[in-house]
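K.L.:
got a structure for you, letters missing:
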């Protein structure tokens, strides 16, 4: 009888202990998507709940709008004068009706939000990754294949809102995941704007030391130069526009959007040239730009914190100053307080990422290059991944202008002489890939598996360890099937 009681007692002690051990054997991985990476809804929780148009855009609707379409078509010629008052007000009316914009304090309008905030693993939400072949869905699927669906989570959020506010919600999720799994730490994968949320998380919670790995994928934590438009840096060049359209047609979304971009390119050099000339008429006139900002841009995205928080650190003061002058931005608003707060977070990024690495966290930053910037500012010849400038995504790389090379040598200089990674905040933990556009990672490819391997603890996150295990150097190139090879001279 004594032995039977003793045996039962041991079982009662050992079973919970073994379960707890099983729970913590694998570090949970949380994927944080980027801007636009999650559907937004109106009338959440009611019978009228409905998904909003992506980014507030409905191209078909815009092309058939009786006020907007006629003036937009005039941009493609040189025989009729464009009535910019009508054009900008029509755009503003259309955008306002989409309901995408936030209120003056940067908050979502009542009844709007997301419907898929989960603290449970993707094993309970297979619709998030099953059959997904591109972008964050493909990365999630690759993580699931590598780590197991029961160990992978998705942090879904209203991507319009303040990055710091979303970092607080990420904190709540991490606490819940740790409690539910018994894990002491999690690993975070931040894609695009998700990289900014990781930055804000580090800033507020780095002392918790509960993140094993920070993996930044094409991150926007340091901003983008296209946001210089807020400082009246607006400039178009026909050659850059045509080159950009070609990049997008061939590569964006794996080529699935080629029809749209080829249709634009099919307008021909002459019509596109007319459009560039007409839009440069706007760019060269402060009065027209002011009307564009106030009548067209502000009703669309003017109060969305996340867009403001994509302004590069060094451009922030000038951008906000110019927009305050014209009444686009209210200095007394809650929105202004939020974006100023994140601006300070940006300024502490280098300190924060060094702190977490020094205190045991592994860090990887993945930046892409090889594509012109969006051709609407003076910085269009920066190397980008088609959206985020390589110098910002990499946290400090020195990058040649598109089509040019650097006159530098050294172990951190790319063989094609485009990048000097020695100026990165973490040169030994930063990788660069050409040939793959912003977040256009496809499931089952070497490029996407590389992300999964870094996130799931398959290798130490430094140049030497990665090269030893996979043969990959710091500078990589993706072919049309996203097979990776090392960049050569």
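P.N.:
Looks like it arrived, so ask away. Model, not experiment: these values are computed from the prediction.

K.L.:
For residue 172, pull up the helix or strand it's in.
P.N.:
Residue 172 belongs to helix 163-181 when assigned by DSSP states H and E.

K.L.:
which residues are in contact with that helix?
P.N.:
Under the contact criterion CB atoms under 8 Å, 6 or more residues apart in numbering, helix 163-181 has outside partners 23-24, 28, 30, 32, 117, 119-120, 153, 155, 157-159, 183-186, 193, 196-197, 199-201, 203-205, 210-211, 305-306, 309, 338, 341-342, 345. The way it works is simple: take the backbone N, C-alpha and C, and place the C-beta from them, glycine included.

K.L.:
now the helix or strand in which residue 468 is found: mean pLDDT?
P.N.:
Taking DSSP H and E as the criterion, residue 468 maps to helix 463-470. In this model, helix 463-470 carries a mean pLDDT of 98.

K.L.:
quick one: contacts of that helix?
P.N.:
428-429, 431, 450, 453-454, 458-460, 472-474.

K.L.:
Roughly how far does residue 223 sit from residue 339?
P.N.:
11 Å (CB to CB, to the nearest Å).

K.L.:
same question, residue 483
P.N.:
Distance of residue 483 to residue 339, given as CB to CB: 41 Å.

K.L.:
These two: who's more crowded?
P.N.:
residue 339 (24 against 12; other CB atoms under 10 Å).

K.L.:
Look at that one and report its pLDDT.
P.N.:
You'll see residue 339 listed with a pLDDT of 98.

K.L.:
What segments of the stretch 201-350 of the chain are helices?
P.N.:
Under the criterion DSSP state H, counting those that start in this stretch, the stretch 201-350 of the chain contains helices at 238-251, 258-265, 268-283, 286-291, 298-301, 305-308, 316-325, 334-347, 349-358.

K.L.:
These into TSV, with extra columns for distance to residue 59?
P.N.:
Shown next, in TSV, are those (distance: least, CB to CB, whole Å):
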stretch	distance to residue 59
helix 238-251	14
helix 258-265	8
helix 268-283	16
helix 286-291	23
helix 298-301	14
helix 305-308	20
helix 316-325	27
helix 334-347	28
helix 349-358	36
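
K.L.:
Of the ones you listed, which is nearest residue 489?
P.N.:
helix 238-251 (23.6 Å; CB to CB).

K.L.:
what does the closest one rub up against?
P.N.:
Contacts of helix 238-251 (CB under 8 Å, 6+ apart): 255, 257-258, 261-262, 264-265, 269, 272-273, 276, 371-372, 374-375, 380-381, 386, 436-437, 440.

K.L.:
Give the residue spans of the stretch 101-250 of the chain that score low on pLDDT.
P.N.:
Along the stretch 101-250 of the chain, the model assigns pLDDT under 70 to residues 250.

K.L.:
Return the set of buried residues in stretch 118-132.
P.N.:
Buried residues in stretch 118-132, defined by neighbour count with 16 or more other CB atoms under 10 Å: 121-122, 125, 128-129, 132.

K.L.:
Spatially central residue in this protein, please.
P.N.:
By CA atoms, centre = their mean, the chain has its centre lying nearest to residue 192, at 1.9 Å.

K.L.:
mind checking how far that residue is from residue 381?
P.N.:
Taking CB to CB, one finds residue 192 at 22 Å from residue 381.

K.L.:
Nearest to residue 102 among the buried residues of stretch 118-132?
P.N.:
The closest of these, once distances to residue 102 are taken by CB to CB, is residue 128, at 25.5 Å.

K.L.:
returning to that earlier point: now list the buried members of the contacts of helix 163-181.
P.N.:
28, 30, 32, 153, 155, 157-159, 183, 185-186, 193, 196-197, 199-201, 203-205, 210-211, 305-306, 309, 338, 341-342, 345.

K.L.:
circling back: for the helices of the stretch 201-350 of the chain, which one sits closest to residue 444?
P.N.:
Nearest to residue 444 among those is helix 238-251 (17.7 Å), distances taken as CB to CB.

K.L.:
check contacts around the residue nearest to the centre of the chain.
P.N.:
33-35, 37, 217-220, 387-388, 438-439.

K.L.:
Now neighbour count too, for the residues you listed, in TSV please.
P.N.:
Below are the contacts of residue 192 laid out as TSV (neighbours: other CB atoms under 10 Å):
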residue	neighbour count
33	25
34	26
35	20
37	20
217	28
218	29
219	27
220	29
387	21
388	30
438	22
439	26
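
K.L.:
Would you reformat these as TSV and include distance to residue 146?
P.N.:
Putting the contacts of residue 192 into TSV (distance: CB to CB, whole Å) gives the following:
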residue	distance to residue 146
33	18
34	20
35	25
37	20
217	15
218	19
219	21
220	25
387	26
388	25
438	22
439	18
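
K.L.:
so of the residues you listed, which ones are in strands?
P.N.:
Those of these mapping onto strands are residue 217, per DSSP state E.

K.L.:
out of the contacts of residue 192, which one sits closest to residue 281?
P.N.:
Ranked by distance to residue 281 (CB to CB), the contacts of residue 192 are led by residue 387 at 26.2 Å.

K.L.:
Need the nearest residue in space to that closest one, chain neighbours excluded.
P.N.:
residue 438 (4.3 Å; CB to CB, 6 or more residues apart in numbering).

K.L.:
these two touch, right, the one you found and residue 389?
P.N.:
No: under the criterion of CB atoms under 8 Å, residue 438 makes no contact with residue 389, lying 10.8 Å away.

K.L.:
Buried only: go through the contacts of helix 463-470 for me.
P.N.:
Among these, those scoring as buried are 429, 431, 450, 453-454, 459, 472-474 (criterion: 16+ other CB under 10 Å).

K.L.:
Next, format the residues you listed as CSV and append distance to residue 147 and secondary structure.
P.N.:
Below are the buried ones among the contacts of helix 463-470 laid out as CSV (distance: CB to CB, whole Å; DSSP: H, G, I helix; E, B strand; the rest coil):
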residue, distance to residue 147, secondary structure
429, 21, helix
431, 20, strand
450, 14, helix
453, 10, helix
454, 12, helix
459, 14, coil
472, 20, coil
473, 25, coil
474, 25, coil
